[in-house]
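> Here's a sequence, model it:
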Amino acid sequence: MIIYIGFSTKSHKILARFFCRKFRHCAPIVIYKNRCEMYQFTNSKQINIITIKRRDIKILMKYGWVFVKYNMKRFTKNALNIRAITCVQFTKKFCDIRHASIQTPDALFKYLCKKRKP
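Residues are numbered from 1 along each chain as shown. Now for the predicted structure:
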């Protein structure tokens, strides 16, 4: 199982336009058995699972999405039951990241890039 976290520079949320600098949205993507599922956070009680293909990831990259590979030891099976207010909180709980200082997609991206480097 491979997990990618996608970061987008565009969002329809008004607060994201004010508080987030470069990246304004994030979403985890789980790839297993040649099947990709994107967990899209839309509201605090609504998470949509979007089934995509590997070629769709390349298409999203053309539209400004940046993907970071994340090595995860265990998978959250109850992802639809995660209660979060923002997409960053949802992604942190989904990936079991426990850092209170990460509140924006930019901070999460910086944390994941630091963790990848040896």
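> Mind naming the longest helix for the protein?
Using DSSP state H, we find that the single longest helix of the chain is helix 105-116.
> For residue 55, give me phi and psi.
Main-chain torsions, residue 55, degrees, to the nearest 10: phi -70, psi -30.
> confidence score at it?
The model reports residue 55 with a pLDDT of 89.
> ok, now residue 18?
For residue 18, the pLDDT comes out at 61.
> Convert the C-alpha atoms of stretch 52-64 to PDB, please.
The C-alpha trace of stretch 52-64 is given here as PDB (Å, rounded to 0.1, in the frame of the first residue of the first chain):
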ATOM      1  CA  ILE A  52      -9.000   7.700  -9.700                       C
ATOM      2  CA  LYS A  53      -6.400   6.000 -12.000                       C
ATOM      3  CA  ARG A  54      -2.700   6.500 -12.000                       C
ATOM      4  CA  ARG A  55      -3.000   8.600 -15.100                       C
ATOM      5  CA  ASP A  56      -5.300  10.900 -13.300                       C
ATOM      6  CA  ILE A  57      -2.500  11.700 -10.900                       C
ATOM      7  CA  LYS A  58      -0.400  12.900 -13.800                       C
ATOM      8  CA  ILE A  59      -3.300  15.000 -15.000                       C
ATOM      9  CA  LEU A  60      -3.700  16.600 -11.600                       C
ATOM     10  CA  MET A  61       0.000  17.400 -11.600                       C
ATOM     11  CA  LYS A  62      -0.500  19.400 -14.800                       C
ATOM     12  CA  TYR A  63      -3.200  21.400 -13.000                       C
ATOM     13  CA  GLY A  64      -0.900  22.500 -10.100                       C
END
